[in-house]
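Trainee: below are the sequence and a predicted model; questions follow.
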Amino acid sequence: MFREMRRKKQLLSIDDTIAVLERCTNGVLACIGDDDYPYAVPLSYVYYNGKIYFHSAKAGHKIDAITKNSKVSFSVIDEDKIVSEEYTTYFRSVIAFGRARFVEGDEWFNAFEALVEKYSGDQPKEAKHKEIAGCTRSHIIAIDIDHITGKEAKELVRAKK
């Protein structure tokens, strides 16, 4: 169903792929938008319990697209160093394919708590819980991952050896 990576020597291990998702702070969600045009939007997220979670307003292009077709992809770039003398970049990135869904109940709270912890972990516990409790007008959306790959520049692969 999903294509194999052509340059298998550049494939990150699953552990390294997950580490990239945990380390990065923003990614790009891609879905099918209006009139079947691709719609890609950058957003903050958290990788938690094997899923990608993000928050959203309850209305808008992203919500309409996910409601119409839950199949999405999500990508992050961990490194992208320009190496001008080699006419290239040394990169590391991840792409995940899955289905987006709106979460509720305990999963909503736990995912929101994970988001707040990732981006505001240094704030007092009471302030974090107050923030979560006050965000009843937002969706938490999960991407249940069907397929995920990480890739890095061959120069970074060589540097590990």
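Mentor: Thanks, I have it. For clarity, every value in this text was computed on a predicted model and none was experimentally measured. Numbers count the residues shown, from 1 in each chain.
Trainee: tell me where the chain has helices.
Mentor: 14-23, 61-68, 105-120, 125-133, 154-160 (DSSP state H).
Trainee: could I get the buried residue list for the first one?
Mentor: Residues of helix 14-23 classed as buried: Thr17, Ile18, Ala19, Val20, Leu21 (neighbour count, 16 or more other CB atoms under 10 Å). Just so you know, the C-beta spots here come from the backbone N, C-alpha and C atoms, and that holds for glycine as well.
Trainee: may I have it exported as CSV, CA atoms only?
Mentor: Output of helix 14-23 as CSV, limited to C-alpha atoms (Å, rounded to 0.1, in the frame of the first residue of the first chain):
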residue,chain,number,x,y,z
ILE,A,14,12.1,3.6,13.8
ASP,A,15,13.8,4.7,17.1
ASP,A,16,15.6,7.6,15.3
THR,A,17,12.4,8.4,13.4
ILE,A,18,10.4,8.7,16.7
ALA,A,19,13.2,10.7,18.3
VAL,A,20,12.8,13.3,15.5
LEU,A,21,9.1,13.5,16.1
GLU,A,22,9.6,14.0,19.8
ARG,A,23,12.4,16.6,19.2
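Trainee: so which elements touch that helix?
Mentor: strand 46-48, strand 71-83, strand 88-102, strand 138-152 (3 or more CB pairs under 8 Å, 6 or more residues apart in numbering; DSSP states H and E).
Trainee: can you put those strands in a markdown table and add distance to Tyr37, mean neighbour count and mean pLDDT?
Mentor: Shown next, in a markdown table, are the helices and strands packed on helix 14-23 (distance: least, CB to CB, whole Å; neighbours: other CB atoms under 10 Å; pLDDT from 0 to 100):
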| stretch | distance to Tyr37 | mean neighbour count | mean pLDDT |
| --- | --- | --- | --- |
| strand 46-48 | 28 | 22 | 97 |
| strand 71-83 | 15 | 16 | 93 |
| strand 88-102 | 17 | 18 | 93 |
| strand 138-152 | 20 | 19 | 94 |
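Trainee: having no further points to raise, I will conclude here.
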